[in-house]
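# need a 3D model of the sequence below.
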Amino acid sequence: MTYIQQNEEEMNEVPVFHLHEFDNDFNYDLDEVIYLYDDEALGIIGFPTLLGHQNLISIETIEKYMGNHQPNKLSITDEYGMTKTEEWGDFLNGDGTIICKEGAFIWDVVGEEFVTVGTLVKTIVSRSVRIDESFSVCLSAEMVLLEKQVELQLMGQFEHTGTDGDDMNMLIVREEDGVSFVIPDDSRFITKGYMELALIKESGKYS
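Here you go, the predicted structure:
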């Protein structure tokens, strides 16, 4: 997110919304993970949400796949609903945490094996907003440019009635550890994301 001074010509290039700040100091301190499942047609697939613990793949099944050199690629869906096929090696070297039936694991690139991180205690829903097309907002006395591909935390939403009498859904967003403010829920400019962050119990403590 960029604070800028814009001349009239630049202002015509992106839509501008006159909005207000929203005070909110709520914050998450949890882990982003990938929940892995076994699909008969697609093989190993990953989602940012927990689709039932009983549906999670076993770490033993993953190791068998790897032993047979079967999983060259896997299908990963992100929090915005976009699915991509990823090379298995690239995924393992991505330094992320995976959730399986037995708990949370990371890949040890030196030992070339899965290492247990801990057990999944609970999940907390985290919502986000991705800017798909740049636009500006008037925030207090500052002009703020929300640039394409910027991601914001979605803290809440409410209905707002404009001067023309029309209702518009408004989103309360913020940058990480930043000030909360409000933008319109307009699918022409944004995509809303959804994931479940994980609280992982490790060595008698929460990480």
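# pretty sure Phe170 sits in a strand.
Just to correct that, residue 170 is Met rather than Phe. Yes. Assessed by DSSP: H, G, I helix; E, B strand; the rest coil, Met170 belongs to a strand.
# so which bits of the longest strand seen in the chain are buried?
Determined from DSSP state E, the single longest strand within the chain is strand 113-131. Counting neighbours by 16 or more other C-beta atoms under 10 Å, one finds that the buried residues in strand 113-131 are Phe114, Val117, Gly118, Leu120, Thr123, Ser126, Arg127, Ser128, Val129, Arg130, Ile131. For glycine as for every other residue, the C-beta is placed from the backbone atoms N, C-alpha and C.
# average model confidence for it?
Strand 113-131 shows a mean pLDDT of 90.
# helices or strands up against it?
Here strand 113-131 touches helix 59-67, strand 103-108, strand 151-161, strand 190-202, going by 3 or more C-beta pairs under 8 Å, 6 or more residues apart in numbering; DSSP states H and E.
# how far off centre is the first one?
When you say that, I think you mean helix 59-67. Put simply, helix 59-67 sits 27 Å off its chain's centre (C-alpha atoms, centre = their mean, to the nearest Å).
# so which bits of it are buried?
Ile59, Ile62, Tyr65, Met66.
# can you tell me the centre-most residue of this protein?
Centroid-nearest residue in the chain, with C-alpha atoms, centre = their mean: Glu79, separated by 4.7 Å.
# quick check: Glu171 touching Ser180?
I think there's a mix-up here, since residue 171 is Leu and not Glu. No. At 10.3 Å, Leu171 does not count as touching Ser180 under the criterion of C-beta atoms under 8 Å.
# what about the two, which has more around it?
Leu171 (21 against 18; other C-beta atoms under 10 Å).
# what is the end-to-end distance of stretch 162-170?
11 Å (C-alpha to C-alpha, to the nearest Å).
# may I see the buried residues of that stretch?
Met170.
# what mean pLDDT does it get?
81.
# between the buried residues of helix 59-67, which is nearest Glu87?
Checking the buried residues of helix 59-67 against Glu87 with C-beta to C-beta, the nearest one is Met66 at 13.2 Å.
# residue contacts, the closest one?
Trp88 (C-beta atoms under 8 Å, 6 or more residues apart in numbering).
# give me the domain ranges for this protein.
15-26+125-195, 33-120 (automatic domain parsing).
# ok, back up a step: could I get the helices and strands packed on strand 113-131 in TSV, plus columns for distance to Leu92?
As requested, these are exported to TSV (distance: least, C-beta to C-beta, whole Å):
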stretch	distance to Leu92
helix 59-67	9
strand 103-108	4
strand 151-161	24
strand 190-202	19
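# rank those by pLDDT, which is bottom?
helix 59-67 (a mean of 83).
# count of residues packed around the closest residue to Glu113 other than its chain neighbours?
Spatially, and ignoring its direct neighbours in sequence, Glu113 is nearest to Trp107 (7.7 Å; C-beta to C-beta, 6 or more residues apart in numbering). By the criterion of other C-beta under 10 Å, Trp107 has 18 neighbours.
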